[in-house]
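In: got a sequence here, can you build the structure:
(chains A and B)
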Amino acid sequence: MKLDAATSAGDIPEGLVEPSLYVGKVTPGSLDDQVLAFPETRPPRQWYFALAITLTAALIGVISIGYTFYLGIGAWGNTSPVFWAFDIINFVFWVGIGHAGTLISAILFLFRKRWRNAIARFAEAMTIFAVICAVIFPLIHVGRPWLAYWLFPYPNQRALWTNFRSPLLWDVFAVNTYFSVSLMFWYLGLIPDIASMRDRTTSKLRKVIYTVLAMGWRGAATHWQHYEKAYLLLAGLATGLVLSVHSVVSFDFATSVVPGWHMTIFPPYFVAGAIFAGFAMVVMVLVVVRETMQLKNLITMRHLDVMNKVILAMSCIMGYSYMMEGFTAWYSMNEYLHHAFMNIITGTYGWAGWVTISCNILIPQILWFKKARSSYFWMILVAVGVTIGMWFERFVIIVISLHQDYLPSAWRIYKPTMVDFGVLLGTFGIFFTLVLLFARVLPVIATTEVKAILPDAQPSHHGDDHHA
Amino acid sequence: MKTRLPDHGPLETPRFWRTLEERIETPEAQQAAHDEFLPGAIPTGPSYDDVHGLPPQSGVSRRDFLGLVSAAAALAATVACDRKGQGTVVPYTKRPVEVVPGVANYYASATHEGRRVYPLLVKTREGRPIHLTGNDEHPGVKGKTSPRTMADVLRLYDPDRLRAPKAEGRIIGWSDAESRLHAALAGAKAAGKPVLLISGAVASPSRKALLADLKAALPTLEHLAYEPAAGDAAEVAGLASYGQPVDLQPRLDKAKVILSLGADFLNGEDPEAQAAWGAQRRLKSAHDPINRLWVLEGPLTLTGTNADQRVPVAPSRLGAAAFALAKELAAKGVALPAGTDLSGIPAGAPAGFPAATWSSLVKDLRTAGRNAVVLCGAQMPAEAHQAAHLLNAMLGSEAVGVRATEPLATVKELEAAAQKMASGAYAAAIFWDVNPAYTFPKAAAWKAAVAKVPVRAWIGQVEDETAAQCQLLLPENHWLESWGDYATPGAAVLQQPAIGTLYDTRPGEDILLGALKALGTNAPDGYHAYLQARWKKELPFGTSFEQALHDGLVKAEAKTPAPAFKGASVAAAAKKAAASKAEGLELVLFPGFATHDGRHANNSWLQETPDPITKMTWDNPVAVSVQDAKALGIEEGDLVTLSLDGVTVKLPAVIQPGQAQGVLALALGYGRTTGGVAKGVGVDAFPFLGLDPASANARTGARLAKAGGRKELSRTQSHHRMEGRDLVRSLTMDEFAHNPQGHHHGPELVTLYEEQRFPDHKWGMVIDLAACTGCSACVVACQSENNVPVVGPEQVARGREMHWIRIDRYYEGELENPKVVHQPMLCQHCDNAPCENVCPVNATNHSPEGLNQMAYNRCVGTRYCANNCPYKVRRFNFLEYTAYKTEPETLAYNPEVTVRPRGVMEKCSFCVQRINDVKIRAKGDGRAILDGEITTACMAGCSSDAIVFGDLKDPKSKVSQLVAASRAYRVLEELGVKPAITYLADLKNPAVEGGHHEA
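Out: Numbering: from 1, shown residues only, chains lettered A, B, ... in the order given. All right, here's what the predicted structure looks like:
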């Protein structure tokens, strides 16, 4: 892999010049042919094979959820005092995964990080899908799911209102807002590309669908003007949400009295953890995408390198947070908090605590080495590790804290059931099914945004044009 | 018409007109213009037809017509309303006397378990008995009763009850059934062949008279009163020490020092003893008198957990220890009864007994003298009983009443009967409310013997192991459907039915009366008439039978003289006690807390009530001492094989702290093979019961080995240490006197928020841990009152039991003889309830009277409240526990309390239905609520009066005064949740410094 640098600008010292964000010769035309033509081609057999696997997993999830509806929450391992377990672990886990996309597309957009352009579309799609997986849980985890709509404050003849003091209600708003804004943001960015696909396709059906979805986009200057404005506004809006959603999710725990939950550090710690987990998932999927969809020239090793650096930074923040948890437990002189922390490293579920620490703190340190950051083996190892580690982090927070709280008489070991695992597997199935479908029907790279970093986009600038 | 409108005088010619008639001012038009309504539109006045001279068609105006139509439509709609599954609702055409829908009726009645009688008050709603409490008129029980008795209301609605007589497996009519029985008895009488009748203990004078009448009519009748869990050793020892069967009544109100030799009198069975105990423990100041409880025992009993000084002593050594005590007391100048010979007993403290503890025990007994009492557990060997009788006689104890009573058949007499049956001597056998096919130790031999009896009749409620052996099954009434009477110290107690028979059943006495008549004796029709006739003669002058029924009792002092102790019996017993030694492990077989002798095994409330010590439900694991478990490598939940005398059983083990080394304990009453609930729960321990009555329940020579494999224990508490947390405070009398709050003074709690205001009432509760024995009567009372569902062993094993009140039991100190504390834990009704603010739908909120309330209808089941409850007292319906229930089970529900469906959170409501009931009645009477008028079910069920409920706004209320007591503290107060429940620290009155921790 050649990480070429622009060297023609002699006045900028080598090393400070931003390396190219693509490899080889890329023109707007070649870009369109490469990216937009993909959905037009017949999927390879491997795609069907993968889809069969993910659909099977999704089906297992649907059956598990159906069984839960039939039998009740008792189908799961949840018990007293561990009233929340896989349900909320999975919820927080998937909401966390959903953070990378918006961070990449919105915050990095505002910071003018141009390396985001090639990967933003995919990351955003993953956000949408992860949040879809996440919202399943608040709906199915309640004891009477057919009444879950009572969580929405709507005028009703019973004159009943929701309790705005409950963090669970804040969750409802935060996740809903996040999902709708993310969806809008993603769709807005898709419009120019959909219009291009509309113009390219020869299939009548596709033409109709793309025509409807493109909303009459013609690429006129006024369209672009509105588009840019809306995109900027939504990016601004989404930026706040990236920080707020997981802060609100953390309030579920931080505002409670449960030792191990009642921590002021939780909001920033949760946001960092979410970005951490999200980036790991994006790295994992991007590696597969660039290999299988022949996008190596657009999603370069440089992209992965930058992503891995973010993962490393987040890992350090997580390490700090874990240490602060221990410090708080010690410094507070609170016996309950002390017990809750010691449970993480020495209790019945101490192994889960060490899985969390190893996967989230120890293993990612390998990314200090540039070699590791540009090696598939290491980056996949780290990404898989972080995904496992972050799931277990939520297990640690929820199950370990709950299973031994104030009165030892109520303490009890929690054991998940097969249905719990079925639902968890099912959400992975749903997530990857959606990812696979997305990769077949929509452009996985925002061509308009990549075109903006091609040399032709800025004729006055001569930085990147020597390849052209 | 004119009267309805003011007269405006003659109308002017209108400028605008509606009709030509109006314009030309015809009288009709003038009238019409003047009237508000057109004719016929309103019911009075001339109708439209009249006005227009039409022939009358109907007398109904349009308005009437519309009214009738709408009323008819509304009625039709109402009548047509039939919600799915509503069924047919038929109102009373003639309302039964006394039954007012929505208002509870209370009837005095009574029941018994073995010799122990429970005078009761039965709460009925719409004619259904739903809740039982003790009869507060009775001088002994004073409104208290036992957990098993309270749960016995469920047995009335047991769907397994036999509903009609059966012969050879087919339902038959009563006349057919009776004629078969009568023919058999008449045949036996004619042939002069013996007839065997085995019944439970005869605690009723009328039943005793009836049996005597029957015996007179059928001289070959052999009657055995059989109580398999009563403890044969006590019976044997009573006979030896007093020359007649005796019943011991502890009078703990007179006791300063109590020595228990494995006697478990604080396990809830004996409400009188528990009340007296509680009265001496609810101390306001350290100067109040307090008793001291010494416990010498092998297994850890509930009484042992409440001991001030406890010494683990194996049952085989108990008799020798108690005789040594007598010898020591005699040496110190306490007179021995005449003829007593203790030469076989070595002087001094028994081996392994700490010297300081021994001497202070001797000193305590000697000092207390008449105010000391020695009680021996029914399961202990006969020598220990005889030693206890001797000690009581020596001390002249006033704290125990020895009463002559009816004899009980021991296992030896049963064995003799079995041999006689096997020989084919009996013409017929009647089993009345007994189950020897299950309870007799050699069940196979018993069954083979019974098969030799030509006619076998069974009288009982649920077809059991014995019923399977009988050709003729005669279904008996539940006691709530029957008449009866009992003799108790201080009062004769009447039992009256609180409901008509649910099925085609009869009282057992009616069946015997029928037999009496068939045998040619003149007897009244039905047991009610028989009873009434007897009582008309017995009642004191001026007392009507109706009044006696209303009160449920007639106060009367016992007339029989107390039996005298026979000193000559001691020598043999002392010799036997001195020689007694255990080979292998000792096995103590005690009646199950839930099942007793198995008769309650089909009661799901009791099966799910945690054993107060092990916290086990739905099982009887063998309890192994800490030392033995270590030696044998047994861990909790391991399957083990227990063998003794060729009987081997595979069962799970629990490790029991405080149990004496070398002792195993196993509950009787499990392992039934019949009954929808009872079948297959636990293992049958009766085969281990010895055939020597003197040591039937305390066996030696047992062997225990690991069997491999484990069983998940259905246990409600799995962590037994407090982890040094300030949850249960326990003070010695010394600490109470000097520093009742101990070192627990936390920082003053401040709040930024405005304190909540409670305008009228603020309900609160005080629980005195010093009086609480952990008997779990409150758990059963709450279950009955609040329709708490039963979830079954698998769900309990997963931690999903639903009890609104639980007893937390913690061990402290060394495992070999730990200090044990009990703490009833229920919703604390916090003012700053952490559960309330986290509910997204406001399903749980705070009442203006300080109650933390649940709106079940609103709950969607996020379970967030339960996570945020520091006391973990919220219960979630993880599965559907109630909807599958049908009649007759649903009849046991309290209609005042909503039955909760799946997916809903529930918890203690402070019995809000009882609060409202009293509030409504007080409002109706136009008066204020009296202190103590409102009782929660747990409070009413608590025999030792450890629970007090009341209004904290009333400074004079009992609860307000107790909240200010020096022992008062709140659990987890430092969280700032402001619980409404105050606990009073436990009290221990040790004789020796740190006396509890020695072995």
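
In: quick one: low-confidence ranges for the chain?
Out: You didn't pick a chain, so chain A it is. A:1-19, A:456-468 (pLDDT under 70).

In: please refer instead to chain B.
Out: B:1-24, B:29, B:32-60, B:79-93, B:541, B:557-559, B:742-747, B:993-999.

In: so what's the residue of it found nearest chain A up against?
Out: Distances from chain B to chain A, computed as CB to the nearest CB, single out B:Gly861 as the nearest residue at 1.9 Å. In this view, the C-beta of every residue, glycine as well, is placed from N, C-alpha and C. Under the criterion of CB atoms under 8 Å, 6 or more residues apart in numbering or on different chains, the neighbours of B:Gly861 are A:Ile73, A:Val142, A:Gly143, A:Arg144, B:Phe876, B:Asn877, B:Gly903, B:Val904, B:Met905.

In: is it true that the second one lies in a helix?
Out: If I follow you right, that is A:Val142. No - per DSSP: H, G, I helix; E, B strand; the rest coil, A:Val142 lies outside any helix segment and is coil.

In: tell me if I'm right that it and A:Tyr149 touch.
Out: No - under the criterion of CB atoms under 8 Å, A:Val142 is not in contact with A:Tyr149, lying 10.4 Å apart.

In: neighbour-wise, which of these two wins?
Out: Just comparing A:Val142 and A:Tyr149: by other CB atoms under 10 Å in any protein chain shown the higher neighbour count belongs to A:Val142, 25 against 11.

In: for that one, give its distance to A:Gly389.
Out: In this structure, A:Val142 and A:Gly389 are 28 Å apart, going by CB to CB, to the nearest Å.

In: and the end-to-end length of stretch B:301-311?
Out: End-to-end distance for stretch B:301-311: 12 Å, by CA to CA, to the nearest Å.

In: do any residues in that stretch lie close to chain A?
Out: No - legend: contact between stretch B:301-311 and chain A by CB under 8 Å from any CB of the partner chain is lacking; minimum distance shown is 14.7 Å.

In: buried residues in that stretch, which are they?
Out: With burial defined by 16 or more other CB atoms under 10 Å in any protein chain shown, the residues of stretch B:301-311 counted as buried are B:Thr301, B:Leu302, B:Thr303, B:Gly304, B:Thr305, B:Asn306, B:Ala307, B:Asp308, B:Gln309, B:Arg310, B:Val311.

In: with respect to A:Asp33, which of these is nearest?
Out: B:Thr305 (83.4 Å; CB to CB).

In: quick one, phi psi at that closest one?
Out: For B:Thr305, the backbone dihedrals are phi -70, psi -20 (criterion: degrees, to the nearest 10).

In: OK, contacts around it?
Out: B:Pro612, B:Ile613, B:Gly658, B:Thr773, B:Gly774, B:Arg809, B:Val820, B:Val821, B:His822.

In: can you put these in TSV and add neighbour count?
Out: Conversion of the contacts of B:Thr305 to TSV gives the following (neighbours: other CB atoms under 10 Å in any protein chain shown):
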residue	neighbour count
B:Pro612	25
B:Ile613	26
B:Gly658	29
B:Thr773	27
B:Gly774	25
B:Arg809	24
B:Val820	27
B:Val821	23
B:His822	23
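
In: pipe those into a markdown table and attach distance to A:Ser409 and secondary structure per row.
Out: Converted to a markdown table, the contacts of B:Thr305 look like this (distance: CB to CB, whole Å; DSSP: H, G, I helix; E, B strand; the rest coil):
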| residue | distance to A:Ser409 | secondary structure |
| --- | --- | --- |
| B:Pro612 | 13 | coil |
| B:Ile613 | 14 | coil |
| B:Gly658 | 18 | coil |
| B:Thr773 | 17 | coil |
| B:Gly774 | 12 | coil |
| B:Arg809 | 7 | strand |
| B:Val820 | 13 | strand |
| B:Val821 | 11 | strand |
| B:His822 | 10 | strand |
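
In: circling back to that earlier point, make a markdown table out of the contacts of B:Gly861 and add distance to A:Leu425.
Out: Written out in a markdown table, the entries for these read as follows (distance: CB to CB, whole Å):
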| residue | distance to A:Leu425 |
| --- | --- |
| A:Ile73 | 18 |
| A:Val142 | 21 |
| A:Gly143 | 23 |
| A:Arg144 | 25 |
| B:Phe876 | 25 |
| B:Asn877 | 27 |
| B:Gly903 | 24 |
| B:Val904 | 29 |
| B:Met905 | 29 |
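
In: pull the most distant pair out of the residues you listed.
Out: A:Val142 and B:Asn877 (12.3 Å).

In: close to chain B: what parts of the stretch 301-450 of chain A are there?
Out: Counting by CB under 8 Å from any CB, the residues of the stretch 301-450 of chain A lying close to chain B are A:335-336, A:339, A:402, A:404-413, A:415.

In: my guess is B:Ala448 meets B:Ala422, correct?
Out: Yes - the pair B:Ala448 and B:Ala422 passes the contact test of CB under 8 Å, sitting 6.8 Å apart.

In: the two: who's more crowded?
Out: Neighbour count, other CB under 10 Å: between B:Ala448 and B:Ala422, B:Ala422 has more, with 17 against 13.

In: for that one, what are phi and psi?
Out: phi -60, psi -30.

In: count of residues packed around the nearest residue to it once chain neighbours are set aside?
Out: With CB to CB, 6 or more residues apart in numbering or on different chains as the measure, B:Ala449 is the residue that lies nearest to B:Ala422, at 4.0 Å, once sequence neighbours are left out. Around B:Ala449 sit 24 other residues, with neighbours defined as other CB under 10 Å.

In: B:Ala449: which element?
Out: helix B:443-450 (DSSP states H and E).

In: so A:Cys359, which state does it fall into?
Out: helix.

In: wait, isn't it in contact with A:Gly389?
Out: Yes - between A:Cys359 and A:Gly389 there is a contact under CB under 8 Å: 2.6 Å.

In: more neighbours, those two?
Out: Each of A:Cys359 and A:Gly389 had its neighbours counted (other CB under 10 Å), and the higher figure belongs to A:Gly389 (27 against 23).

In: which elements pack onto the helix or strand where the more buried one lies?
Out: With the criterion set as DSSP H and E, the secondary-structure element containing A:Gly389 is helix A:376-395. With contacts defined as 3 or more CB pairs under 8 Å, 6 or more residues apart in numbering or on different chains; DSSP states H and E, the secondary structure elements packing on helix A:376-395 are helix A:86-97, helix A:266-292, helix A:301-331, helix A:350-357, helix A:370-373.

In: now render these as a markdown table, adding mean neighbour count.
Out: A markdown table is the format used below for the helices and strands packed on helix A:376-395 (neighbours: other CB under 10 Å):
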| stretch | mean neighbour count |
| --- | --- |
| helix A:86-97 | 27 |
| helix A:266-292 | 23 |
| helix A:301-331 | 19 |
| helix A:350-357 | 18 |
| helix A:370-373 | 14 |
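
In: and of those, who's closest to B:Glu586?
Out: Shortest distance between B:Glu586 and these, using CB to CB, is found for helix A:350-357: 40.1 Å.
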